[in-house]
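S.K.: just coords:
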């Protein structure tokens with residue numbers, strides 16, 4: 001198959017391109033950030049100037065709200081199947097005290113609705129994949145940031161019992177669903193949650209990170225207001241601008257989702273949350 005990909009330069013995109021190549025598919029990756037090196041089975045094209053081409057299917061790993069700008073180009077490419085990465089954040093951040101998070105959740109909702117409307121009008125099969133907390137290969141912005149903090153400071157701050165449930169999902173399991181959706185036809189168009197196989201409290205997730213980095217577990221229970229201030233200060237640094245004070249509040253909230261529909265349609269069989277050295281950021 002000839003498969004288009006938006007977001008190929010993301011860490012998920014890199015692994016999806018490799019998986020498609022292993023399966024013998026030809027990928028056309030559209031870059032919003034300039035050219036990319038030559039790769040076997042991959043043709044890189046600028047996202048803003050698509051040539052005339054036909055694609056069997058299309059995957060978007062870019063932020064979901066980017067895709068609507070390209071939908072008419074997909075129509076001209078005669079795409080009949082679209083797989084789009086969204087996030088369960090569209091639910092978990094809708095009532096966030098942080099207006100930026102509420103805005104992000106609404107952008108996800110709007111993007112999903114626009115995709116569904118367009119796909120229905122163009123008789124195009126579509127799947128919106130909504131992962132929970134993504135980790136893997138030392139490049140995510142959740143578990144890796146936690147690991148870096150522990151490596152640098154030797155402790156991790158928690159609020160209250162921090163017993164909110166989590167289901168971390170490995171990026172390779174998301175890639176496998178993308179490939180299955182592309183290679184298996186006949187599944188019903190719709191949205192599919194992708195949660196990890198293991199459900200564990202937030203504090204237990206932190207404990208796993210301590211174990212993975214080889215540090216003794218040292219957590220510090222701090223007042224919510226203090227942690228919010230710590231996060232606000234950290235956001236002054238470019239690498240931490242994605243953090244939100246609302247993250248502290250969610251430590252005690254259950255953020256769990258059923259992935260049975262993805263299992264039934266795509267054979268989704270996620271792994272347990274067992275961190276390997278490959279899943280951690282480099283020390284330093």
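M.R.: Thanks, I have it. Computed from a prediction, not measured in an experiment: that's the story for all the values here.
S.K.: low-confidence ranges in the stretch 1-150 of the chain?
M.R.: Counting by pLDDT under 70, the stretch 1-150 of the chain has low-confidence residues at 34-40.
S.K.: Would you state the helices of it in chain order?
M.R.: 11-22, 71-76, 89-92, 99-121, 143-153 (DSSP state H, counting those that start in this stretch).
S.K.: tell me what the third one is packed against?
M.R.: What it means is helix 89-92. When contacts are defined as 3 or more CB pairs under 8 Å, 6 or more residues apart in numbering; DSSP states H and E, helix 89-92 packs onto helix 99-121. No exception for glycine: its C-beta is placed from N, CA and C like everyone else's.
S.K.: Against which helices or strands is the helix it packs on packed?
M.R.: helix 71-76, strand 81-85, helix 89-92, strand 125-131.
S.K.: Who does the second one pair with, and is each partner parallel or antiparallel?
M.R.: When pairs are called by DSSP bridges, strand 81-85 turns out to pair with strand 57-60 (parallel), strand 125-131 (parallel).
S.K.: so which of these is the most packed in?
M.R.: strand 57-60 (a mean of 26; mean count of other CB atoms under 10 Å).
S.K.: ok, residues contacting that strand?
M.R.: The contact list for strand 57-60 (CB atoms under 8 Å, 6 or more residues apart in numbering) reads 1, 3-7, 16, 66-67, 70, 74, 77, 79-85, 178, 182.
S.K.: buried subset of these?
M.R.: Burial by neighbour count, 16 or more other CB atoms under 10 Å: within those this picks out 3-7, 16, 66-67, 70, 74, 77, 79-85, 178, 182.
S.K.: and residue 228, what helix or strand is that in?
M.R.: helix 224-234 (DSSP states H and E).
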